[in-house]
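Chemist: I'd like to go over a predicted model; first the sequence, then the structure.
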Amino acid sequence: MYSRMVLSRGYEERLAAAYMEGKTPLFNMANGPLPGEMHLSNGQEPCAVGVCAHLGADDVITATHRPHHIAIAKGVDLQAMTAEIFGKKAGLSGGRGGHMHIFDPKVNFACSGIIAQGMGPAAGAALARKLRGEPGVAVAFIGEGAANQGAFHEVMNIAALWKLPFVCVIEDNAWGVSVAKSQSTAVARNDVRAAAYGIPGVYVPGNDPYAIYAAAGEAIARARAGGGPTLIEIETWRLAGHFMGDVEGYRPAGEKEALFARDPIPAMRQRMIAEKTATAEDVVALEAEAKATLDEVFNFARAAAEPQPEEALEKVFV
Amino acid sequence: MYSRMVLSRGYEERLAAAYMEGKTPLFNMANGPLPGEMHLSNGQEPCAVGVCAHLGADDVITATHRPHHIAIAKGVDLQAMTAEIFGKKAGLSGGRGGHMHIFDPKVNFACSGIIAQGMGPAAGAALARKLRGEPGVAVAFIGEGAANQGAFHEVMNIAALWKLPFVCVIEDNAWGVSVAKSQSTAVARNDVRAAAYGIPGVYVPGNDPYAIYAAAGEAIARARAGGGPTLIEIETWRLAGHFMGDVEGYRPAGEKEALFARDPIPAMRQRMIAEKTATAEDVVALEAEAKATLDEVFNFARAAAEPQPEEALEKVFV
Amino acid sequence: MAEPARRDNRRKRKLTIAKAISEAIAQEMERDSGVFVMGEDIAKLGGVFGNTQGLLDKFGPERVRDTPISETGFISMAVGAAAVGMRPLVELMFVDFFGVCMDAIYNLAAKQAYFSGGHVKCPMVLMTSVGGGYSDAGQHSQCLYGTFAHLPGMKVVIPSNAYDAKGLMTAAIRDDNPVIFMMHKNLQGMGWLGTAPGAIVDVPEDAYEVPLGKADIARPGKDITVVGLGATVHQALDAAETLAKDGIEAEVIDLRSLVPLDREAVLKSVRKTGRLLVVDDDYHSFGVSGEIIATVAEAGITLKSPPKRLAYPDIPIPFARPMEQFALPNAGKVATLIRQMFQE
Amino acid sequence: MAEPARRDNRRKRKLTIAKAISEAIAQEMERDSGVFVMGEDIAKLGGVFGNTQGLLDKFGPERVRDTPISETGFISMAVGAAAVGMRPLVELMFVDFFGVCMDAIYNLAAKQAYFSGGHVKCPMVLMTSVGGGYSDAGQHSQCLYGTFAHLPGMKVVIPSNAYDAKGLMTAAIRDDNPVIFMMHKNLQGMGWLGTAPGAIVDVPEDAYEVPLGKADIARPGKDITVVGLGATVHQALDAAETLAKDGIEAEVIDLRSLVPLDREAVLKSVRKTGRLLVVDDDYHSFGVSGEIIATVAEAGITLKSPPKRLAYPDIPIPFARPMEQFALPNAGKVATLIRQMFQE
Ligand SMILES: Cc1ncc(C[n+]2csc(CCOP(=O)(O)OP(=O)(O)O)c2C)c(N)n1
Ligand SMILES: Cc1ncc(C[n+]2csc(CCOP(=O)(O)OP(=O)(O)O)c2C)c(N)n1
Ligand SMILES: [Mg+2]
Ligand SMILES: [Mg+2]
């Protein structure tokens, strides 16, 4: 888990740096090697690794507009994903999707740019597994803001009604763009909404990878055993703006500093060393490994060829 | 309450008879003085009268595709409504709406043919009352099937978040067309879904006008007092098919007979007489009065003029 | 699989579109265990418009699933099932309800292949009913052809008769792309609604495909091209019958699908006849009728008189019979308009 | 209120469209206490595209309301508020999200007046952002003009510059009908996105109306009519500038609204020029470009060369810059196409 968290953090640091190329001094989203919106997930890595540690390639994940940490935890092909984010022909989708549309069928990962849109596809994959008598669960990751979208409700009800091997994981980073959870959600915690579907609901405070791992393990085991869905809400922290370029004037003073002080990556490093599940040397080695991987990945993506313009016309129908 | 129930029942009996004109021996929905779909509400009258007894003309109601009982309880202009259902120029909307689109702004009544569509307009009217500092509550009636539609969830959350003077009344008649509640809804009772919005939820069993009156009174008083929304689910009985022409092959044997045996209108009559809140003569007089009203209403609607064809082009924009 | 023998060569067995569709689905369900069906009232009831009659008994409740009234839910679930290799059919009871679930259709199903660079497919068929004429008012009578055809990534099919319906449905189920299958209530063959007699035709028992994207010349003629789809094909055919007595030979083209659109068939016919009328019961502006006329105009074909369209006016659909009938196209109006075109 | 003084006669004060819109809203909120605003990130943030900047401070959180991510919820609530006499503005952040809430728009807001026989109105403005070009991929870059314009009961407005934006917005808020107000991201004037310079123009401080349904001749010319809307108006103007050097005088028509559609303005221009090109960054088929061409064809105007359109191809919008730019119209492509038309 730690290594994936470090990989994800390092990945986004490089992405952020590349994103800003060509965008200074004047920030124009259309410029640079990485145009368009860029939603970073730094701070939210524990959610991804704690859940994905229980999943194999056959298990299905749908993620959101903020997908990198989950993709990395799920084992998406990092070179092809990065090439995609750079809009290259070697990208997972040949550059058609970009950072909000990462599809890697080899590990059954998909994401999308519409709030709560992934709920259905995940539950549908769970239904497919059930109809075919195959093992495998499906997990939909959404944000806390997405729990107020109609699709959330419709899919939760069907998944519960049909007892699908499905888990909904809500990453509660307290914000939906500039709107605080308390301004968007009539209840303090979304796990209570499980009662509306007669399924277990769990709240995991503290952005703690160990606690997330435990809660997700239970839910996924229940799903695998035919016990139906679980709704998990995880307290997590969005250390970045909503997207790059967001000046975050809506955040209360001091909030970000407080969150950075509780950054889950150093916290996990400390705990591992304290509990002797890893030595300081192990950690350094892991970090070096991540760096080497990232060097390779970004070199590949940058060097990769651009798509031909006319390829835009392909793959509309298959 | 009883008189409105009797009026509603009698109203629909006449409507049903008129609907079948021109449709026998071969049932073709396009024929007769009342073409199109026809959804009857017989059996569900207690829900309408128990709630509407607490409402004035300024209070807002949105109803569903099955609107007659609620319209009658809310005091919609019965002549103009009937003319509308007969597609006449004197109808509430000049014949443009028909039985699923009854709008009477004088008593703030509206309904629609899309499941759960009325949730938002009712909550929006509640918001308007609040913004203007006006008294007045808004009630959305929906079916138990509609509680699985996304709009239900979105509006409940906003109404609760903004503490609107809003009540959602679910008429649980156990069926959504041919699909039983247990086949559509992951929980046995929708009142538990109130927990998802941090508001009170109430279940009223037995299709009992007295119990409905009590529960609705509490909810509406709370809404008027600024206490925010309530979710009420009422057990009720659809004595007719989903729409006229429905052969109801999906109903378990004996279900309808059992429901007719518990028809709420004779039950209330008995109770009134037993509790001496009305005499047998009162009841007979009420029933005669209803009959006289209905004679007048149906004579008016039948005699009223058809709209000119070209009027179809008017009122798209106002 | 090629289109089988010509119409006149078919085994004699008249079916309604509803029966033809349910037969096509049943045959594909037998052939491919990945095919399954979801929708409101499609199991026990067999579908409000009969498309799934008998399927529950044959295939059981796992593969024939009644759903809650949660269109976004079950349609987006179908996309997810399709992504992992199933071939779901879903039913949107009336097309008018698209507004509660369009994201799942146009932004999810229709773009899955593209966003994934073709690596994740969406072999899903969405069946829906369209059209009015029986006083079901403005939220239950729309066609919305233009709405679906305008948005890329989904095929849009509209059968006008039971033969085409079965063959197109078979092709749609086997297609690896999302297909919106729009069935007109005036043609469906439900006892409780009137049905244009021309929709009930002989249908072979064996499975066959009618290819998506090939228009049909429903009636050949040399004097004017009348383009229709679904119900308006029959109006055009009836009008052509009448006009033939006046010596006007109308060629009637049944588009059969809007995506892909067989522009070539239209152009070829108009090049021959020199005249064009489009008949469409969807809204007039920014829709099918405009697209067909524009296609002909762009081709620079010299016409004998300006092209015309008879479409549903840009108004919601009124309930009252006199108003609705006034607004709808019909054979009489088609014939009148064509006569006018010959006087210009 | 009449349209004020001609452009060249305006008080000099250049505004972006975003500023012009927020000014129009603020003035109407002052004028009419029934006007209020709801949407995602429209209060504290002032709108992702700046349409509501400053309103929260001026009018407070009761009348400027951030909503949950529940588009069906708050848009249908706006309809209910409008029904009882309020004049809500709501923002759908990107038009691409219409799929989660279209029922509230096209089946509820757009039909309330009709279904009620005109007795219940829906004076609501739905603001939304459209367009791509900055690599925001297929769920954040669409125009969808045709989708909205096809469905009856709502007006559809697309401003191309700040002067029009303010006047059209003022007219929209005062209109008793639902108005969909589509603002192109390439014109909006947000610092973090490029903006066509022609969109930032002088804007009077006082409130004024630009009537809905009147096209604007953005540039007069005698040789060809180029019809555009929103961003493509500026592409057409730039192309016209280039072509003028070759002696081709293009007349550029800015539609300003699709519903009502000023067909007369187009016809009048084409009657004069004898040539027509439509430039549209919405999808090609079954949309705006087809409707405009059909309108001219139906009128039976004899053209010097077949009408043409330059529209977005029928494909989802790709992320990678070379692909997206390949698919989008631009001034260079407009000029090239026009030159070709003069060689035919
Ligand atoms: C249906 C829809 N509405 C609005 C948006 C715009 N939008 C993108 S991200 C976002 C906030 C999402 O908040 P949350 O679900 O908490 O996820 P987070 O960004 O915090 O990860 C919004 C409103 C969208 N993409 N889709
Ligand atoms: C969005 C939408 N989906 C489906 C329908 C078709 N439909 C009409 S009534 C109905 C059943 C409604 O059940 P319920 O909400 O329980 O109301 P009831 O008919 O029992 O009064 C359905 C599915 C519709 N009108 N709108
Ligand atoms: Mg969030
Ligand atoms: Mg019901």
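Modeler: In hand now; what should we look at? Ligands and ions are numbered 1, 2, ... in the order given.

Chemist: what residues does the stretch 51-200 of chain A put near chain D?
Modeler: A:84, A:87-88, A:91, A:94-101, A:112-116, A:145-146, A:148-151, A:176-179, A:183-185 (C-beta under 8 Å from any C-beta of the partner chain). C-beta: built from backbone N, CA, C; applies to glycine.

Chemist: In helices only, show me those.
Modeler: A:84, A:150, A:151, A:183, A:184 (DSSP state H).

Chemist: What pLDDT does the model give the nearest residue to the third one once chain neighbours are set aside?
Modeler: Beyond its immediate neighbours in the sequence, the residue positioned closest to residue A:151 (C-beta to C-beta, 6 or more residues apart in numbering or on different chains) is residue A:116, lying 4.2 Å away. Residue A:116 is assigned a predicted lDDT (pLDDT) of 98.

Chemist: Going by residue numbers, what spans are strands in chain A?
Modeler: Here chain A has its strands, by DSSP state E, at A:60-63, A:109-111, A:138-143, A:166-172, A:175-176, A:179-180, A:201-204, A:230-235.

Chemist: Tell me the helices and strands packed up against the second one.
Modeler: Strand A:109-111 is packed against strand A:60-63, helix A:68-74, with contacts defined by 3 or more C-beta pairs under 8 Å, 6 or more residues apart in numbering or on different chains; DSSP states H and E.

Chemist: now do the third one
Modeler: Strand A:138-143 sits against helix A:45-52, strand A:60-63, helix A:119-132, strand A:166-172, with contacts defined as 3+ C-beta pairs under 8 Å, 6+ apart.

Chemist: Check the last one too.
Modeler: Taking 3+ C-beta pairs under 8 Å, 6+ apart as the contact definition, the neighbouring helices and strands of strand A:230-235 are helix A:45-52, strand A:166-172, strand A:201-204, helix A:209-224.

Chemist: In CSV: those, plus mean neighbour count, mean pLDDT and distance to residue D:26.
Modeler: Formatted as CSV, those follow (neighbours: other C-beta atoms under 10 Å in any protein chain shown; pLDDT from 0 to 100; distance: least, C-beta to C-beta, whole Å):
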stretch, mean neighbour count, mean pLDDT, distance to residue D:26
helix A:45-52, 29, 98, 41
strand A:166-172, 30, 98, 35
strand A:201-204, 22, 98, 42
helix A:209-224, 20, 98, 46
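
Chemist: out of these, which comes closest to ligand 3?
Modeler: When the helices and strands packed on strand A:230-235 are compared by C-beta to the ion, strand A:166-172 sits nearest ligand 3, at 6.7 Å.

Chemist: residues from chain C in reach of ligand 2?
Modeler: C:40, C:69, C:71, C:93, C:97, C:100 (C-beta under 6 Å from any ligand atom).

Chemist: and these, which of them are in helices?
Modeler: residue C:71.

Chemist: Quick check: residue C:311 is in a strand.
Modeler: Yes. According to DSSP: H, G, I helix; E, B strand; the rest coil, residue C:311 belongs to a strand.

Chemist: Beta-bridge partners for it, please?
Modeler: Counting by DSSP bridges, residue C:311 forms beta bridges with residue C:280.

Chemist: can you pull the contacts of it?
Modeler: C:278, C:279, C:280, C:281, C:282, C:283, C:284, C:287, C:288, C:289, C:329 (C-beta atoms under 8 Å, 6 or more residues apart in numbering or on different chains).

Chemist: let's go with 6 Å and repeat that
Modeler: For residue C:311, the contact set (C-beta atoms under 6 Å, 6 or more residues apart in numbering or on different chains) comprises C:280, C:284, C:289.

Chemist: Go through the residues you listed and say which is closest to ligand 4.
Modeler: Minimum distance to ligand 4 across the contacts of residue C:311 is 36.0 Å, recorded for residue C:280 (C-beta to the ion).

Chemist: Between the helices and strands packed on strand A:109-111, which one is closest to residue D:178.
Modeler: Checking the helices and strands packed on strand A:109-111 against residue D:178 by C-beta to C-beta gives strand A:60-63 as the closest, at 33.8 Å.

Chemist: touching chain C at all, that closest one?
Modeler: No. Against chain C, strand A:60-63 shows no contacts by C-beta under 6 Å from any C-beta of the partner chain, the least distance being 6.8 Å.

Chemist: outside of that strand, which residues touch it?
Modeler: In contact with strand A:60-63 (C-beta under 6 Å, 6+ apart) are residues A:70, A:74, A:108-111, A:118, A:121-122, A:125, A:138-141.

Chemist: Mind putting those residues into TSV with neighbour count?
Modeler: TSV is the format used below for those (neighbours: other C-beta atoms under 10 Å in any protein chain shown):
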residue	neighbour count
A:70	29
A:74	27
A:108	25
A:109	28
A:110	29
A:111	27
A:118	30
A:121	33
A:122	32
A:125	33
A:138	31
A:139	31
A:140	32
A:141	30
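
Chemist: which one of those residues is nearest chain C?
Modeler: Closest approach to chain C among the contacts of strand A:60-63 (C-beta to the nearest C-beta): residue A:121, at 3.2 Å.

Chemist: and that closest one, how far is that from residue A:128?
Modeler: Residue A:121 sits 10 Å away from residue A:128, going by C-beta to C-beta, to the nearest Å.

Chemist: OK, contacts around residue 297?
Modeler: In the absence of a named chain, chain A is used. A:78, A:79, A:82.

Chemist: Oops, wrong one, chain C.
Modeler: Neighbouring residues of residue C:297 by C-beta under 6 Å, 6+ apart: D:293, D:297, D:307.

Chemist: Quick check: the gap between residue C:173 and residue A:125.
Modeler: Distance from residue C:173 to residue A:125, by C-beta to C-beta: 20 Å.

Chemist: where's the closest residue to residue A:201 other than its chain neighbours relative to ligand 4, distance?
Modeler: If the residues on either side of it in the chain are set aside, residue A:201 comes closest to residue A:194, at 2.7 Å by C-beta to C-beta, 6+ apart. Distance, residue A:194 to ligand 4, using C-beta to the ion, to the nearest Å: 24 Å.

Chemist: give me the number of residues near whichever residue of the stretch 1-150 of chain A sits closest to ligand 2?
Modeler: Closest approach between the stretch 1-150 of chain A and ligand 2, counting by C-beta to the nearest ligand atom: residue A:150, at 11.0 Å. By other C-beta atoms under 10 Å in any protein chain shown, 30 other residues sit near residue A:150.
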